[in-house]
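Participant: My questions concern the predicted model and sequence given below.
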Amino acid sequence: MENRVLLRKLIIIAVVMFGFAYALNPFYRQICEALGLNVLTQKDGTVEFDKNTQVDKTRDVTIEFDGNAQGPWRFRPTVNSMKVHPGELTTVMYEVVNTQKREMNAQAIPSYAPQSATPYFLKVECFCFKQQTLKANEARQMPVVFYIDPKLPKDVKTITLSYTFFEVGGGLVKTAAN
């Protein structure tokens with residue numbers, strides 16, 4: 001009798017733990033989105049450039065570019081930094097080289113410093129919006145089209161845009177049989 005009671009309690013605990021783990025992912029995303037803690041939940045790709053945005057020519061913001069590769073890539077921006085006026089549409093290129101002898105899928109995840117500048121860094125087009133497929137030894141230049149919202153606080157004079165480029169679904173070697 002005691003064993004059956006214990007078994008029921010353990011089953012209930014297991015079901016509750018499974019339900020909690022299942023609900024944790026959407027709960028985590030909601031908290032991160034509300035607090036602005038996770039750039040993965042940022043609504044990149046939904047920004048449209050407003051041609052009526054006034055360019056603030058009275059100030060410059062230095063944008064620094066950084067690229068980090070997790071895996072067998074060469075990944076870097078083609079320029080290290082540039083000065084832009086808030087409201088000005090700007091394009092920068094990133095270069096990636098697949099150094100493997102196989103096709104690979106990859107994704108770039110952006111991060112911003114200072115973090116308070118994140119909502120003001122608005123990307124119109126970016127290779128980070130979707131996964132990239134690179135053939136064996138392929139080199140590619142990929143654009144980031146962005147503008148800085150003129151509402152950026154005046155004390156922010158430098159923003160760093162950094163991408164981490166990593167393999168997605170990794171390790172699948174394509175052969176003639178596949």
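Facilitator: On my side now, so go ahead. Numbering: from 1, shown residues only.
Participant: how many other residues sit next to the nearest residue to Phe127 once chain neighbours are set aside?
Facilitator: Excluding the flanking residues, the one nearest Phe127 by Cβ to Cβ, 6 or more residues apart in numbering is Met142, at 3.6 Å. (Each C-beta comes from the backbone N, C-alpha and C, glycine too.) Using other Cβ atoms under 10 Å, Met142 has 18 other residues around it.
Participant: where's Met142, which helix or strand?
Facilitator: strand 139-148 (DSSP states H and E).
Participant: same question, Asn68
Facilitator: Element membership of Asn68 [criterion: DSSP H and E] is strand 61-70.
Participant: how much does that strand deviate in direction from strand 139-148?
Facilitator: Put simply, strand 61-70 runs at 140 degrees to strand 139-148, going by axes from the mean of the first three to the mean of the last three Cα atoms, to 10 degrees.
Participant: what comes up buried for strand 61-70?
Facilitator: By 16 or more other Cβ atoms under 10 Å, the buried positions in strand 61-70 come out as Val61, Ile63, Phe65, Gly67, Ala69.
Participant: what's the answer for stretch 120-132, then?
Facilitator: For stretch 120-132, the neighbour count (16+ other Cβ under 10 Å) marks Tyr120, Phe121, Leu122, Lys123, Val124, Cys126, Phe127, Cys128, Gln132 as buried.
Participant: How about the last one, nearest residue that isn't a chain neighbour?
Facilitator: Counting by Cβ to Cβ, 6+ apart, Gln132 lies nearest to Ala106, which is 5.1 Å off, once chain neighbours are set aside.
Participant: wait, what's in contact with that neighbour?
Facilitator: Gly71, Trp73, Val96, Gln131, Gln132, Thr133, Leu134, Phe165, Phe166, Glu167, Val168 (Cβ atoms under 8 Å, 6 or more residues apart in numbering).
Participant: Now with 7 Å, please.
Facilitator: Listed by Cβ atoms under 7 Å, 6 or more residues apart in numbering, the contact set of Ala106 reads Gln131, Gln132, Leu134, Phe165, Phe166, Glu167, Val168.
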